[in-house]
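Trainee: When you get a sec, could you give me coordinates for this:
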Amino acid sequence: MEVILKQDVQGLGYKNDVVKVKSGYGNNYLIPNGLALIANDSNKRLVNENIRQAAHKAAKIKQDAEALAAKIGDATIEIKTKAGESGKIFGAVTALQIADVLKSKGFDVDRKKVILKEAPKQLGTYTVTLDLHKEVKHEVKVTVVAE
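Mentor: Predicted structure coming up:
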């Protein structure tokens, strides 16, 4: 019996694979648990169409991330914070603060996409990585200045 997997099944295959299984395994486990479909012509066409559309959507998401990275360019972000005499700031600059400054400049970047190697705790210039897509990373300069 041939089935099309709806999700990854360990030891059997990955999502959208067409695999041969014994009929008891397919009829009694895979299909009732929603792990597979019977591999007939209409289901094969449906899966091929879903794969094509997913590839198109993934390409559009990557293209949008690249456009955002190009739009940000080599912009420098300035964050004002309270600091002591020695240049040490009270607390630390967070990803949320950086995302808010980016948002105020017109760049819609989620705070979870701002990667800090270490939180800035001194006045100065730091490099922050924006993880816009799994294949698109962009570095931004962040300058921390006293209020």
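
Trainee: most centrally placed residue in this protein?
Mentor: For the chain, the residue nearest the mean C-alpha position is residue 133 (5.0 Å; C-alpha atoms, centre = their mean).

Trainee: Tell me who's in contact with the closest residue in space to that one that isn't next to it in sequence.
Mentor: Excluding its sequence neighbours, the residue lying closest to residue 133 (C-beta to C-beta, 6 or more residues apart in numbering) is residue 65, at 3.7 Å. Just so you know, the C-beta spots here come from the backbone N, C-alpha and C atoms, and that holds for glycine as well. Going by C-beta atoms under 8 Å, 6 or more residues apart in numbering, residue 65 touches 132-133, 136.

Trainee: wait, which of those residues is closest to residue 47?
Mentor: Minimum separation from residue 47 among the contacts of residue 65 (C-beta to C-beta) is found for residue 133, which lies at 25.1 Å.

Trainee: hang on, the closest one packs against residue 62?
Mentor: Yes - using C-beta atoms under 8 Å as the test, residue 133 is close enough to residue 62 to be in contact (5.3 Å).

Trainee: what ranges do the strands span in the chain?
Mentor: Using DSSP state E, the strands of the chain run over 2-5, 18-20, 36-38, 76-81, 114-115, 124-133, 136-146.
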